[in-house]
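Participant: could you look at this predicted model? Sequence included:
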Amino acid sequence: MEIINKFLDLEALLSPTVYEKLKNFDEEKLKRLIQKIREFKKYNNAFILLDEKFLDIFLQKDLDEIINEYKDFDFIFYYTGEEEKEKPKEVKKEIKKETEEKIEKEKIEFVKKEEKEQFIKKSDEDVEEKLKQLISKEEKKEDFDAERAKRYEHITKIKESVNSRIKWIAKDIDAVIEIYEDSDVSGKSTCTGTIEDFVKYFRDRFERLKVFIERKAQRKGYPLKDIKKMKGQKDIFVVGIVSDVDSTRNGNLIVRIEDTEDEATLILPKEKIEAGKIPDDILLDEVIGAIGTVSKSGSSIYVDEIIRPALPPKEPKRIDEEIYMAFLSDIHVGSKEFLHKEFEKFIRFLNGDVDNELEEKVVSRLKYICIAGDLVDGVGVYPGQEEDLYEVDIIEQYREIAMYLDQIPEHISIIISPGNHDAVRPAEPQPKLPEKITKLFNRDNIYFVGNPCTLNIHGFDTLLYHGRSFDDLVGQIRAASYENPVTIMKELIKRRLLCPTYGGRCPIAPEHKDYLVIDRDIDILHTGHIHINGYGIYRGVVMVNSGTFQEQTDFQKRMGISPTPAIVPIINMAKVGEKGHYLEWDRGVLEVRY
Amino acid sequence: MIVMVHVACSENMKKYFENIVDEVKKIYRIAEECRKKGFDPTDEVEIPLAADMADRVEGLVGPKGVAERIRELVKELGKEPAALEIAKEIVEGKFGNFDKEKKAEQAVRTALAVLTEGIVAAPLEGIADVKIKKNPDGTEYLAIYYAGPIRSAGGTAQALSVLVGDFVRKAMGLDRYKPTEDEIERYVEEVELYQSEVGSFQYNPTADEIRTAIRNIPIEITGEATDDVEVSGHRDLPRVETNQLRGGALLVLVEGVLLKAPKILRHVDKLGIEGWDWLKDLMSKKEEKEEEKDEKVDDEEIDEEEEEISGYWRDVKIEANKKFISEVIAGRPVFAHPSKVGGFRLRYGRSRNTGFATQGFHPALMYLVDEFMAVGTQLKTERPGKATCVVPVDSIEPPIVKLKNGDVIRVDTIEKAMDVRNRVEEILFLGDVLVNYGDFLENNHPLLPSCWCEEWYEKILIANNIEYDKDFIKNPKPEEAVKFALETKTPLHPRFTYHWHDVSKEDIILLRNWLLKGKEDSLEGKKVWIVDLEIEEDKKAKRILELIGCCHLVRNKKVIIEEYYPLLYSLGFDVENKKDLVENIEKILESAKNSMHLINLLAPFEVRRNTYVYVGARMGRPEKAAPRKMKPPVNGLFPIGNAGGQVRLINKAVEENNTDDVDVSYTRCPNCGKISLYRVCPFCGTKVELDNFGRIKAPLKDYWYAALKRLGINKPGDVKCIKGMTSKQKIVEPLEKAILRAINEVYVFKDGTTRFDCTDVPVTHFKPNEINVTVEKLRELGYDKDIYGNELVDGEQVVELKPQDVIIPESCAEYFVKVANFIDDLLEKFYKVERFYNVKKKEDLIGHLVIGMAPHTSAGMVGRIIGYTKANVGYAHPYFHAAKRRNCDGDEDSFFLLLDAFLNFSKKFLPDKRGGQMDAPLVLTTILDPKEVDGEVHNMDTMWSYPLEFYEKTLEMPSPKEVKEFMETVEDRLGKPEQYEGIGYTHETSRIDLGPKVCAYKTLGSMLEKTTSQLSVAKKIRATDERDVAEKVIQSHFIPDLIGNLRAFSRQAVRCKCGAKYRRIPLKGKCPKCGSNLILTVSKGAVEKYMDVAEKMAEEYNVNDYIKQRLKIIKEGINSIFENEKSRQVKLSDFFKIG
């Protein structure tokens, strides 16, 4: 009994013959065997059935050899008589040899001390119960594994199941993608969490946006420290980062701004705001220029005009070739609300499962897919998330989405940036997904980039940003609403800033460069995060908010948010801004929207 | 200030109260004399005395002269109707005619004060404003603006305040509130948002319930923003001033009106108030819903009962309540998982130091759980309530442990516990938790079947007129117990009634077969049973012996059982005649329906079920006994700005010739021309008016030397002052007080008083010896008889505590000696009058008066020190705690010396912000009237023993109200002289402060040490699953902390050592105010502090993969913020170059 228990503690079962054999072992030999199995279990934690074959293996081979050979061996299949399946498995455990050894040593010492008497701790019933528990746990895991395997098998066959005879025009078009490295933090994070980092971060924001504002005003701003000397002077131009906004009793807006040396107070008169001459939606930490009259005391400036670093208006970018780009985000694989069927349908569509000529034309010319974050639901993003997941292993979540993407026709290039559910740091800018995840994706033409990141895709300067800052902006700007995402996106373009306000829900990593400043005069701004589709063109910039493949969650229900799942925006890159250039794949049907 | 003893009491008690009142008056007069000298912010003592609730209401909120009328009305109508009536009379102008809105406001505040007994701060702080506003149709209506502190009123008073509002509205002839659709939906949104962002309500209303309520409540329930959370829809409504959550209003709506609807209805009906019928409809709909639910539950229960067997041995299914363990805090152990076998056994009764939410535990256990339980440590419990406080009771069942050598022993003394604590392998049973009936009544928790205990056993013997020896009940001999059961045909003595129900029928047979292989023998002169412990089978049987809780020893591969008589008889073996009483064991086994049934088929006497339910518990917060200090701690309320550095030392500022600007009230003395901050010029003694207010350079040096001169002190040492005043008028406290406090090493609280905080623990009876007081002294204080009516002559006699007497912790006594010296110095050197206390040692404090007061209240209670103990808790009569509106489930509050409060307290010091008036003695109750204390204490039982019917009835698991008729509680004594005297208790304890005095949580150092100990305790206890503890600690404590701090890091504010704080770092990189370098508020260290511990724990206890992955992702997130990738790369490339 004692022997059985010892092995049971190791989660190993003995066959009757082995038990008989072991009974005749001397203590030393037994101990060595147990030790060997214990070491092995660090590499393969399965329930082991120790029959004669494995007893011999454990007795004769040396540990490294066993580990090498059997670390991925599936004992349960072996045990239940089913065929061994090929299952990818990672080596999970890092061994902390030192501590393990110490514990082992202590245990041995303890045994010596107490060698007078040795009792079993558990009654027979306990043993049986433990066995039952273990087996049921294994069975559950087995069921779970089997289900997962089934799911995977199904995904890997999506492509085959489409019988298409489409002429793939996009196949003959070479992909042209260039990542603007200076816009991507990946591999370049300088932040070490010191106060100097924060100073550098905000100074960079100020200096860079100041250049845009001065260019627009076509003059240099006065340093704020000189304002006091300009009592009563008119047409004074200054630039600063907003540190405080307040309104007075008579309706004027008081804005405190600062530059690297000093501070100043701007007074935005009520009449001018009401007349629409100056904006009232000044946000904390955005950088603005102001033209106005210095008060008689020199303590403040009465503002006549506010100058923002907004992107200059232009004609939307177009190219000659008729090719299409699709936009995805917030797929949330792993969540119980992830829409498997719809997502599969979309993949089938990409593979030529089409119903009409329009669909065929678009699919045959579709060359690029951008994914703006939240590929998976992740783990531990919010408290109690465990309950909402069908797959609690984040690696498996990524494996699954990788399999889906693998089913997309090879000639389509995919660009992926992370979001707040992905397995990278939550603070923005976020670096691209780490290698242990990207290696799960088997395609060559996937581009992993950070969040945010700007790329040139076939001539279009495309900015991918997940959109975490939207949560803050919606509360701050009256005109911005979740229901209509472009109302929020416009505000980013006006301010050339992806996350204007510091200290809200969107966490910021103080890099030495503010990656959240929009440097280039981009052609496309692609965002996600809020699970509601939106489209528009502002100042010549195409604004796309791709929706989601996640059904309304309980949380969203309670907050009254109605997502628009399974709608994929697609644009015709040759006709941007013209009739028929914007389409949506809407739960299986392709429709022209604009 | 006429105070008469108006409560129902004996002559003796009357004298006691009169003594207290006289002493209060005497001290009051001393303080009055001193304050008249004009050195303080006002010339009067600022704490009005109140004999009763009516006085307190007048003192707290006014209006003047209302007390008398309240008394009349309460007498005539009862409390709640009186509150409504008084509101009406105020509106009618009976107490002065002022502005309409003001009258309405006064009416609401006064009525709410009556409803809350004039103790809590809600009437002052919970109501921000009362306004008369306009409906869209032009009609006028009443709006009450609630604020956060309305919470302190409790649900019922909150609900009734709305009714008061309606009363006031009608009396003023105002129309009803007509909400717009937007406003209605705003409430719906806010309730939802509050629950997701701030916290949960006790009741979760449906959207329709809210809509109905808002449409129908005749006044507007609105209020200030309480939380920095904005609504997203329904913003900028013209009649709602804020877009943020109105926490106070929501609380009143949900936990008041909706949750306490039945109580409102009762008053509506009684008083015939119109316009509240809608509430009835709402209620009946709710009831329907609940009935449906109930029916379902009933069905389920019936299903189960089919299989049941009648008799005392049936299995009772009681659903485990896991709520208490949903969160486990690092370093605070779980003692027993919910309802897990081996956990606490529920024992009914009250000891003299339990009751009123405090429960008794065996002191030996406190040592065995590595001193994580100390006197006063809070526990979160599975049932009947949410929390309790640990106190020692040594007359209940002690823990049973298994030692490393295999012995199983009952650890029934502290000495034994100390002896074996390092040899314990497993705690098989934790022993009893002593819970009084009153706690079940208070929580309205169905009574659970009683364990089989000595009290019950004794009641049965008495009921059957069976003669017995008292000592046999307490200390039965095994042989004697068997013979007694056989002869009297009564159930076997509880001591030898094992936990048969915790093992299977087959186990019992296995055990029996094994035992019968043994033989009688003698060991050290005692008869014992000896069984072999050789083969696996033997060891299995021994484990069963452990699981049923039968003690035994292991020597030389033999098990030695001393209690073999009851054990073997229970298994059907006649030891006397060496005869097996069982013929066909197979058949019996087959016919037995469960283990208990089997035992009763085997045994020649009845064997009752030892335990029906085990109770789970985990540690809450540790006990507390410490001087109240502000952050940073200061000696006086004299502002010095930043002149004294971070520690705010005025002596240092003077030494370095520093000064700073401070906001104060001041004047230029007309006589000497110097700036006076006091109402008497400190330089020339002229009385002045402080008619200027503003920012001035603090004349520190002048004040410092003037103060020293006046006190006649040369070298005072360090004196810590405050940075600036937070009060409205910013009138400063004389610097002399700060200096004298510093010299006596005492600290000051924001209101000018010097306090000591400690955990509340009840005590109704004491022995002079356990509280360090002599019999002589006690007799002087009016204690002349013990509980049996014998003359008090011996320190071991048990004496009933008088309701206003308190027993303070020793550390408090030490602190109060210093405070008393400070007061005496103050009297002598500052006010130039005689010393009062003249205290040299702790014992000298006995007989002196203190104030007891709880946070969130505004009324103090006079108490009298009669002794001290080593325990870190404040012992007082449950009434006394209830008078402060506290129960004893681990709450803490403060004591301060009466004269200190009279001399040094001033309302003018109180912070000018919401909640500023809380926790300040705005009024003081002199005589304790149990009718006017927190009603919870009225449910405490007061019997000397529980009747047999009670024990029998518990098996049916009735509502506690069903047995109330034969259970006496405080409520039954109210208004009669017995309310103060003759209160009983059922279980003795040899000392009220046995056991560890300091919880291990406080003595262990790092978080790693704490969690290591927490898990090693978990490992030791059978009823605890250490892996679950590890997972819960990581998931409910470490991970939220790590994530929270990581998030906080990336949106943190910065601060300057000058005290300035910035939402975002200024571009300058330096403090714009003083030019110094700025400091982060969230550092790297703060973010990572639990990372290592969490990882280690996850590894060691092999927690589930989900948790491991979360930790890994968090760690990578942290590294990504704190590691410079660029420099890492550079280093690598450099390395290659060199290579």
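Facilitator: Sure, I can see it.
Participant: would you mind measuring the gap between the ends of stretch B:933-941?
Facilitator: 16 Å (C-alpha to C-alpha, to the nearest Å).
Participant: residues making contact with that stretch?
Facilitator: Contacts with stretch B:933-941, where a contact means C-beta atoms under 8 Å, 6 or more residues apart in numbering or on different chains, come from B:117, B:350, B:355-357, B:436-439, B:441-442, B:878-879, B:881-883, B:885-887, B:930, B:967-971, B:974. In this view, the C-beta of every residue, glycine as well, is placed from N, C-alpha and C.
Participant: for that stretch, give the mean pLDDT please.
Facilitator: What stretch B:933-941 shows for mean pLDDT is 91.
Participant: list the buried ones in it?
Facilitator: Of the residues in stretch B:933-941, those buried by neighbour count under the rule 16 or more other C-beta atoms under 10 Å in any protein chain shown are B:933-934, B:936-941.
Participant: make JSON lines out of those and add distance to residue B:210 and secondary structure.
Facilitator: Converted to JSON lines, the buried residues of stretch B:933-941 look like this (distance: C-beta to C-beta, whole Å; DSSP: H, G, I helix; E, B strand; the rest coil):
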{"residue": "B:933", "distance to residue B:210": "34", "secondary structure": "coil"}
{"residue": "B:934", "distance to residue B:210": "30", "secondary structure": "coil"}
{"residue": "B:936", "distance to residue B:210": "29", "secondary structure": "helix"}
{"residue": "B:937", "distance to residue B:210": "34", "secondary structure": "helix"}
{"residue": "B:938", "distance to residue B:210": "33", "secondary structure": "helix"}
{"residue": "B:939", "distance to residue B:210": "32", "secondary structure": "helix"}
{"residue": "B:940", "distance to residue B:210": "37", "secondary structure": "coil"}
{"residue": "B:941", "distance to residue B:210": "40", "secondary structure": "strand"}
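Participant: okay, the residues you listed in CSV with distance to residue B:245 next?
Facilitator: Shown next, in CSV, are these (distance: C-beta to C-beta, whole Å):
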residue, distance to residue B:245
B:933, 33
B:934, 29
B:936, 30
B:937, 34
B:938, 35
B:939, 34
B:940, 38
B:941, 42
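Participant: just the closest of those residues to chain A, please.
Facilitator: residue B:936 (32.7 Å; C-beta to the nearest C-beta).
Participant: would you mind measuring from that closest one to residue B:159?
Facilitator: 18 Å (C-beta to C-beta, to the nearest Å).
Participant: ok so, going back, give me the subset of the contacts of stretch B:933-941 that lies in helices.
Facilitator: The helices in this structure, assigned by DSSP state H, contain B:437-439, B:441-442, B:878-879, B:881-883 from those.
Participant: farthest pair in those?
Facilitator: The largest separation in these, counting by C-beta to C-beta, is between B:437 and B:883 at 22.4 Å.
Participant: settle it for me: which of those two has more neighbours?
Facilitator: A direct count of neighbours by other C-beta atoms under 10 Å in any protein chain shown for residue B:437 and residue B:883 places residue B:883 higher, at 32 against 27.
Participant: can you name the residues that contact that one?
Facilitator: Counted by C-beta under 8 Å, 6+ apart, residue B:883 has contacts B:119, B:852, B:861, B:925, B:928, B:932-934.
Participant: show me those residues that map onto helices.
Facilitator: Within these, no residue falls in helices by DSSP H.
Participant: of those, which is the nearest to residue B:992?
Facilitator: Residue B:992 lies nearest to residue B:852 out of the contacts of residue B:883, by C-beta to C-beta, at 18.2 Å.
Participant: how close does the closest one get to residue B:145?
Facilitator: Going from residue B:852 to residue B:145 by C-beta to C-beta gives 32 Å.
Participant: who's more crowded, those two?
Facilitator: Neighbours were counted for residue B:852 and for residue B:145 using other C-beta under 10 Å; residue B:852 has more, 23 against 20.
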